[in-house]
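Asks: Please find the sequence and the predicted model below.
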Amino acid sequence: MDKILWAENKLPKTDNKQLAVMALDEINKAHAFHKSFPQYAPTPLVPLKNMANMLGVGSVFIKDESWRFGLNAFKVLGGSFAMAKYIAKQLKKDVSELPYDVLTGEKLRKEFGQATFFTATDGNHGRGVAWAANKLGQKSVVLMPKGSTKTRFDNIAKEGAKVTIENVNYDECVRMAAALAAKTEHGVMVQDTAWEGYEEIPAWIMQGYGTMALEAAEQLKAAGVDRPTHIFVQAGVGSLAGAIQGYFKNLFPDNCPITVVVEARAADCLYRSATAADGKPHFVTGDLKTIMAGLACGEPNTISWDILKNNTSCFVSAPDWVSARGMRMLAAPIKGDSPVTSGESGAVPFGLLSTIMQHDDMKDLRAALKLDKNSKILCFSTEGDTDPDMYKKIVWEGAYPSL
């Protein structure tokens, strides 16, 4: 069975200029914007006290994004904030002047008109963009890669988006959506990855994700943890990982938590970029087949890569069984701990943590990360059961068994 691969970050450091994208005042603006939505509530930070004790660490907290805006995933935070920032820029306003009630009002609609927001997605990001466009009275077009599930397709279509499943992988879908946006009047590409010449909107999306990091930091403090010692976060293109890394580096500039970025083996572009050791992003091509559909992205976000290569502690490439293990353990934790419904892309950080602490062949990584009884660990569960059939297959029927 596939083993977990890992690489400590020994990349050459640069000027860290993209860290400013996640400046604390920008994240406070994003948080204020999200709080203006009538659907807003902070998602739970679930303490797993008994699990932590069993694993031999001080504490484990799971940020459970299955409760976000009723959409079962965190992605809406990025798309909605990017749309608001785009509209604010067109109207020469600051985003703080456009809370939800203003953005959805008749006056703004007359002032701004209607745009069509284009995106590519494996499910969660597209649903978030479609939902936000719907709420803000805008149009959306969503392209999905081959192999996308009917459930995820239907959830996007329900929000009024024009949705198609294309016979190409995620990265090709991104290029197709960008080309369509470029030739559509008032067409705007809202993508959670960046490339040369397309960095402003992805930066806004990352700032939107900062709301989740800010909430987690506040919730940890309320639970008596002023600063986590370790953060485990998943990556596809790396936008979320870069946002989390950037926020906590800005929050704790002199003592940043040890951060572990974990990817799906089939799409481990950041891990490969780390092992190439030349400081440049490296791509993974092909079908990118993995149960972690939300992480099936082979081309790193340029902004995020800059943040990660300068600040992240370790990059990990995880086979599918690591995620499946995390899903099962979170669904049925130790008595006294609350269960968490975590999907294939959501559970891999915790699956990795539990494997590191329980498998002898991971002791070198355990030592490298300084994981012990004093560790206070924050994991992000970025989605719930967004593919209910696959969730049942894994959690109830034991698909993708652990090592």
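Replies: Yep, that arrived.

Asks: Please save the CA atoms from stretch 367-387 in CSV.
Replies: The C-alpha coordinates for stretch 367-387 follow below in CSV (Å, rounded to 0.1, in the frame of the first residue of the first chain):
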residue,chain,number,x,y,z
ALA,A,367,10.3,13.9,15.7
ALA,A,368,10.9,16.4,12.9
LEU,A,369,7.6,18.1,13.8
LYS,A,370,8.2,18.0,17.5
LEU,A,371,4.9,16.4,18.2
ASP,A,372,4.5,15.4,21.8
LYS,A,373,2.3,15.6,24.9
ASN,A,374,2.6,19.4,25.0
SER,A,375,1.4,19.9,21.4
LYS,A,376,-1.7,22.0,20.8
ILE,A,377,-2.9,21.1,17.3
LEU,A,378,-5.4,22.8,15.0
CYS,A,379,-6.8,20.9,12.0
PHE,A,380,-9.1,22.2,9.3
SER,A,381,-12.0,20.1,8.2
THR,A,382,-13.0,22.0,5.1
GLU,A,383,-16.1,20.1,4.0
GLY,A,384,-18.8,17.8,5.3
ASP,A,385,-20.3,14.9,3.3
THR,A,386,-20.4,16.8,-0.1
ASP,A,387,-20.5,13.4,-1.9
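
Asks: Centre of the chain to it, how far?
Replies: 14 Å (Cα atoms, centre = their mean, to the nearest Å).

Asks: Please identify the buried residues of it?
Replies: Neighbour-count burial for stretch 367-387 flags 369, 371, 375-387 (criterion: 16 or more other Cβ atoms under 10 Å). Placement of C-beta: from N, CA and C, glycine included.

Asks: Nearest to Lys183 among the residues you listed?
Replies: Checking these against Lys183 with Cβ to Cβ, the nearest one is Thr386 at 31.2 Å.

Asks: next structured bit after the longest helix along the chain?
Replies: Counting by DSSP state H, the longest helix found in the chain is helix 200-222. Using DSSP states H and E, the helix or strand that directly follows helix 200-222 along the chain is strand 230-234.

Asks: Listing partners with orientation, what would you give for that following strand?
Replies: Strand pairing for strand 230-234, using DSSP bridges, gives strand 258-264 (parallel), strand 376-381 (parallel).

Asks: Find the residue at the geometric middle of the protein.
Replies: With distances taken as Cα atoms, centre = their mean, Leu240 lies nearest the centre of the chain, 3.7 Å away.

Asks: Specify the local secondary structure of it.
Replies: Secondary structure for Leu240, judged by DSSP: H, G, I helix; E, B strand; the rest coil, is helix.

Asks: about what we covered before: closest to Trp67 out of the strands paired with strand 230-234?
Replies: So among those, strand 376-381 is nearest, using Cβ to Cβ, at 10.3 Å.

Asks: Helix or strand next in line after that closest one, which one?
Replies: helix 388-395.

Asks: any idea of the mean pLDDT for that following helix?
Replies: Taken as a whole, helix 388-395 has a mean pLDDT of 97.

Asks: cool, stretch 261-274 as well?
Replies: pLDDT averaged over stretch 261-274 gives 97.

Asks: What of stretch 154-162?
Replies: Regarding stretch 154-162, the rounded mean pLDDT is 96.

Asks: Quick one: distance of that stretch to the chain centre.
Replies: Between the centre of stretch 154-162 and the centre of its chain there are 21 Å (Cα atoms, centre = their mean).

Asks: List the buried residues for it?
Replies: Going by neighbour count (16+ other Cβ under 10 Å), the buried part of stretch 154-162 is 155-156, 159, 161.

Asks: Check stretch 22-29 too.
Replies: In stretch 22-29, the ones that count as buried by 16+ other Cβ under 10 Å are 22, 26-27, 29.

Asks: hang on, the earlier thing: of all the strands paired with strand 230-234, which lies closest to Leu220?
Replies: Shortest distance between Leu220 and the strands paired with strand 230-234, using Cβ to Cβ, is found for strand 376-381: 6.7 Å.

Asks: Name the surrounding residues that touch that closest one.
Replies: For strand 376-381, the surrounding residues in contact (Cβ atoms under 8 Å, 6 or more residues apart in numbering) are 52, 57-66, 74, 212, 216, 220, 225, 227-234, 240, 244, 257, 330, 340, 342, 346-347, 349-350, 353, 371.

Asks: Kindly recompute the last result at 7 Å.
Replies: Outside of strand 376-381, the residues within contact range by Cβ atoms under 7 Å, 6 or more residues apart in numbering are 57-65, 216, 220, 225, 228-234, 244, 330, 340, 342, 346-347, 349-350, 353.

Asks: re the thing from before, between the longest helix of the chain and strand 230-234, what angle do the directions make?
Replies: For helix 200-222 against strand 230-234, the angle by axes from the mean of the first three to the mean of the last three Cα atoms, to 10 degrees is 140 degrees.
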